[in-house]
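**Student:** Structure of the sequence below:
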Amino acid sequence: MAIIQILLGNSMVFFGVSSILFYFHFILAVLILIVCIYGIRVTKEVRRRIVLGNLFLLIVTSIIGGIYTLYPNIYLLLFHLFLALGIVSNFSVLYGMDRD
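**Tutor:** Residues are numbered from 1 along each chain as shown. This is a model prediction of the structure:
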């Protein structure tokens, strides 16, 4: 989901923001939030800290994205993208931990 989220965001940057893409981007963010909240309930120890970090990153990324919609700025956009890449990275680490 997080990779699709980034691809949607990039397509909005390159091809312009359409309301359908924006709402789909928003809905995916809400679904990722639900996954993070569920993950906090079912994980323990190190995995739980990673999921909490993801939750924090998701909230900060959402706030930055909201600010960007009000005040478009390339620096906010890049910060939003880098935080989103951090979310994907954390999910990748969790996936790797589950496979061990």
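
**Student:** where are the low-confidence patches of the protein?
**Tutor:** Along the chain, the model assigns pLDDT under 70 to residues 98-100.

**Student:** Show me where it has its helices.
**Tutor:** Here the chain has its helices, by DSSP state H, at 2-15, 19-42, 45-70, 74-99.

**Student:** residues making contact with the shortest one?
**Tutor:** Residues external to helix 2-15 that are found in contact with it (Cβ atoms under 8 Å, 6 or more residues apart in numbering): 18, 21-22, 24-25, 28-29, 32, 77, 80-81, 84-85, 87-88, 91. Quick note: C-beta positions are derived from backbone N, CA and C, even for glycine.

**Student:** Next, the angle from it to helix 19-42.
**Tutor:** 160 degrees (axes from the mean of the first three to the mean of the last three Cα atoms, to 10 degrees).

**Student:** what's the distance between Glu87 and Ser18?
**Tutor:** Residue 87: Ile, not Glu. Computed as Cβ to Cβ, to the nearest Å, the Ile87 to Ser18 distance reads 23 Å.

**Student:** So for these two, which sits in the more crowded spot?
**Tutor:** Using other Cβ atoms under 10 Å as the criterion, Ile87 and Ser18 rank with Ile87 on top: 25 against 11.

**Student:** That one contacts Phe56, correct?
**Tutor:** No. Judged on Cβ atoms under 8 Å, Ile87 makes no contact with Phe56 at a distance of 9.9 Å.

**Student:** Can I get stretch 24-42 in PDB? Just the C-alpha atoms.
**Tutor:** Taking C-alpha atoms only, stretch 24-42 is exported to PDB below (Å, rounded to 0.1, in the frame of the first residue of the first chain):
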ATOM      1  CA  PHE A  24      -7.400   7.700  -3.500                       C
ATOM      2  CA  HIS A  25      -4.100   9.000  -2.100                       C
ATOM      3  CA  PHE A  26      -6.000  10.100   1.100                       C
ATOM      4  CA  ILE A  27      -7.900   6.800   1.400                       C
ATOM      5  CA  LEU A  28      -4.700   4.800   1.100                       C
ATOM      6  CA  ALA A  29      -3.200   7.000   3.900                       C
ATOM      7  CA  VAL A  30      -6.200   6.200   6.100                       C
ATOM      8  CA  LEU A  31      -5.800   2.500   5.400                       C
ATOM      9  CA  ILE A  32      -2.100   2.600   6.200                       C
ATOM     10  CA  LEU A  33      -3.000   4.400   9.500                       C
ATOM     11  CA  ILE A  34      -5.400   1.600  10.300                       C
ATOM     12  CA  VAL A  35      -2.700  -1.000   9.600                       C
ATOM     13  CA  CYS A  36      -0.300   0.900  11.900                       C
ATOM     14  CA  ILE A  37      -2.900   1.000  14.700                       C
ATOM     15  CA  TYR A  38      -3.700  -2.700  14.300                       C
ATOM     16  CA  GLY A  39       0.000  -3.400  14.200                       C
ATOM     17  CA  ILE A  40       0.500  -1.600  17.500                       C
ATOM     18  CA  ARG A  41      -2.100  -3.900  19.100                       C
ATOM     19  CA  VAL A  42      -0.600  -7.200  17.800                       C
END
